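1. Model the structure of this input:
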Amino acid sequence: MLKNIDYTKYINYIIIAYAFLLPLSRAGLSILGFLMILLWFIQGDFKTKYNQLKDNSVVLSLVALILLGYISLIWTGLENIKEGIDVTTKIVRIIFLPMIVIATTLKKEYLPKVITAFLAGMLISEILSYGIFFELWTLSQGSGTPSDPTPFMHHLDYSTFLTFTSLLLLNRIFATDNFKLKVFYFIYFLFVTSNLFLNGGRTGHLAFAISIFVVGFVNIKNKFLAFFSMLFLVISIFYAAYNISPVFKQRFDAGANELNKIEANSGSKYAGSFGQRLGVWTMSIDIIKENPILGVGTGSIRDTITDATTTTTDKYFKSIRVGNMHNIYVEYLVMLGLIGLIFYLMIWYNLFKMKIKDKLYSNLKVIFIAVFCTASTVENLFHNQFSMNLFTLFVGIFIVLNLENKVKNYSMDIK
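-> Below you'll find the predicted structure:
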């Protein structure tokens, strides 16, 4: 009886639901992730699945990073081994397993439904966010305030979601010839972008300011026109946001004040959000010099920072109170050394090189890389659950499209 079940169809339905819940429910994502993995294992046919992915450089780079994470437990302090196991297993559980399920099971005909489900989930989260901002309703404790209206996740992650959604829509405005669809995407683009600047996530603001140029470059043939049209759009949006959004104005002014303290070498230069980041990045230089090749081990980041801040003679560093590097590239340099950073960067390099025939999705792939990698300069997105789930879904989609491209090329070679 179990052999007669169309597992592929049900897994595809779960992926659609997963895309919908992506911005809405941490628990829902965990449940759906478990269900899709369970059905995938029951489905079997592992030889076919292995052959699909055995040559995929993105998957292989991710496997190398995971293996190095577990191997690093050898030089991780005994008191930190559990944390090291948790960090690496989190990548396996939230990224690797669901991603290979999506990559080997998602059918192209379901792709529009998956993207639509994601946009529908984002729309619901944005409506809730606007309601919180305008004090129309309140959600459960810890689910956003008028000064930080993020319904279900931290504003660092939410602003990244909003940035990616905004630029996904802008990419579709360029791609479609249907005037009604252009108008719909443009209105939704304004809705999402406005929400981005009602929130306090400067991570998303940075990613938006840089990644929007990528949208222009991949869609406009004249690169001179692309640069200046996107520059005009960025300046206009940021100017309007500064004069309209009290949250953005407050966060922007606070950031400028922090930069002034750093420039003046103030005693509180490592206080505040950006100051703490700059402080821990500066402090990490000596840590990296001591462990340049293999790092301090997967579970030792928090203790390494604590030890450095308590033993330092630099009075400025003693004010640092963060538990991670707030920069995924520095994090991997400290945690797994130069080898770990290379493995991590190879994931993105191989994703960038991966060929996708469909121009809409090929451009979206480049935009996704730009948003995620830019935002990761100020936050550990690869270790945060919601952003890890975002990576899982869209990298899985890109692998599906790449596999389809390879199958077509193989068929043409046979003919």
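2. All the helices of the stretch 201-350 of the chain, residue numbers only.
-> 202-219, 223-244, 246-263, 272-290, 301-311, 328-353 (DSSP state H, counting those that start in this stretch).
3. Going by mean pLDDT, which of the ones you listed comes out lowest?
-> For these, mean pLDDT drops lowest on helix 246-263, to a mean of 83.
4. What is the burial count for the closest residue to Ile212 other than its chain neighbours?
-> The spatially closest residue to Ile212, leaving aside those adjacent along the chain, is Met230, at 5.3 Å (C-beta to C-beta, 6 or more residues apart in numbering). The way it works is simple: take the backbone N, C-alpha and C, and place the C-beta from them, glycine included. Neighbour count for Met230, taken as other C-beta atoms under 10 Å: 21.
5. which residues touch Met230?
-> 212-213, 215-216 (C-beta atoms under 8 Å, 6 or more residues apart in numbering).
6. and the residues you listed as CSV, adding distance to Ile237 and neighbour count?
-> As requested, the contacts of Met230 are arranged in CSV below (distance: C-beta to C-beta, whole Å; neighbours: other C-beta atoms under 10 Å):
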residue, distance to Ile237, neighbour count
Ile212, 9, 23
Phe213, 13, 17
Val215, 13, 25
Gly216, 14, 21
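7. Pick the one among the residues you listed closest to Ala226.
-> Using C-beta to C-beta, Gly216 comes nearest to Ala226 of those, at 3.7 Å.
8. For Tyr70, see how far away that closest one is.
-> Between Gly216 and Tyr70 the computed distance is 42 Å (C-beta to C-beta, to the nearest Å).
9. ok, now which ones touch the closest residue to Ile293 other than its chain neighbours?
-> Residue nearest to Ile293 in three dimensions, not counting chain neighbours: Gly337, with 4.7 Å by C-beta to C-beta, 6+ apart. The contact partners of Gly337, taken as C-beta under 8 Å, 6+ apart, are 288, 291-295.
10. Determine which two of those are furthest apart.
-> Ile288 and Leu294, at 11.3 Å, using C-beta to C-beta across the contacts of Gly337.
11. Can you tell me which of the contacts of Met230 lies closest to Pro151?
-> Checking the contacts of Met230 one by one against Pro151 (C-beta to C-beta), the nearest turns out to be Ile212, at 24.5 Å.
12. who touches that closest one in this structure?
-> Per C-beta under 8 Å, 6+ apart, neighbours of Ile212: 167, 170, 230, 233-234.
13. 10 Å instead?
-> Taking C-beta atoms under 10 Å, 6 or more residues apart in numbering, we find Ile212 in contact with 163, 166-167, 170, 193, 230-231, 233-234, 237, 367, 370-371.
14. and the helix or strand where Lys180 lies, which residues are buried?
-> Taking DSSP states H and E as the definition, Lys180 sits inside helix 179-198. Counting neighbours by 16 or more other C-beta atoms under 10 Å, one finds that the buried residues in helix 179-198 are 185, 188-189, 191-198.
15. Helix or strand with the lowest mean pLDDT in the protein?
-> helix 385-414 (a mean of 80; mean pLDDT, DSSP states H and E).
16. Run through the helices of the stretch 51-200 of the chain in chain order.
-> 57-71, 81-91, 97-105, 111-133, 155-175, 179-198.
17. got the helices of the stretch 201-350 of the chain as a markdown table, with distance to Leu35 columns?
-> A markdown table is the format used below for those (distance: least, C-beta to C-beta, whole Å):
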| stretch | distance to Leu35 |
| --- | --- |
| helix 202-219 | 30 |
| helix 223-244 | 40 |
| helix 246-263 | 37 |
| helix 272-290 | 37 |
| helix 301-311 | 32 |
| helix 328-353 | 26 |
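18. Just want to check the distance between Ile244 and Ile37.
-> 44 Å.
19. Which of the two has more residues huddled nearby?
-> Ile37 (17 against 12).
20. The more buried one: which element?
-> Using DSSP H and E, the element containing Ile37 is helix 26-43.
21. Between helix 111-133 and that helix, find me the angle.
-> 160 degrees (axes from the mean of the first three to the mean of the last three C-alpha atoms, to 10 degrees).
22. Can you show me the CA trace of helix 26-43 as CSV?
-> Taking C-alpha atoms only, helix 26-43 is exported to CSV below (Å, rounded to 0.1, in the frame of the first residue of the first chain):
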residue,chain,number,x,y,z
ARG,A,26,9.4,28.9,13.6
ALA,A,27,7.6,25.8,14.9
GLY,A,28,5.7,25.3,11.7
LEU,A,29,9.0,25.3,9.7
SER,A,30,10.4,22.7,12.1
ILE,A,31,7.4,20.4,11.7
LEU,A,32,7.2,20.7,8.0
GLY,A,33,11.0,20.2,7.7
PHE,A,34,10.7,17.0,9.7
LEU,A,35,7.7,15.8,7.6
MET,A,36,9.4,16.4,4.2
ILE,A,37,12.6,14.6,5.4
LEU,A,38,10.5,11.7,6.8
LEU,A,39,8.6,11.2,3.6
TRP,A,40,11.8,11.5,1.5
PHE,A,41,13.4,8.7,3.5
ILE,A,42,10.3,6.5,3.3
GLN,A,43,10.2,7.2,-0.5
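23. name the helices or strands packed onto it?
-> In terms of contacts (3 or more C-beta pairs under 10 Å, 6 or more residues apart in numbering; DSSP states H and E), helix 26-43 is packed against helix 7-21, helix 46-53, helix 97-105, helix 385-414.
24. Report the distance from the second one to the chain centre.
-> Taking the mean of its C-alpha atoms, helix 46-53 sits 27 Å from the chain's own mean (C-alpha atoms, centre = their mean, to the nearest Å).
25. Equivalent analysis for stretch 217-228, please.
-> Using C-alpha atoms, centre = their mean, the offset of stretch 217-228 from its chain centre is 25 Å.
26. what do you get for stretch 240-255?
-> Distance, centroid of stretch 240-255 to centroid of chain: 24 Å (C-alpha atoms, centre = their mean).
27. what does that stretch rub up against?
-> 133, 146-149, 155, 193-202, 205-206, 238, 272-275.
28. Name the residues of it that are buried.
-> Quick answer for stretch 240-255 (16+ other C-beta under 10 Å): 241, 245, 247-248, 251-252, 255.
29. possible to save those residues as CSV with distance to Leu22?
-> Below are the buried residues of stretch 240-255 laid out as CSV (distance: C-beta to C-beta, whole Å):
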residue, distance to Leu22
Ala241, 25
Ser245, 25
Val247, 24
Phe248, 25
Arg251, 25
Phe252, 28
Gly255, 28
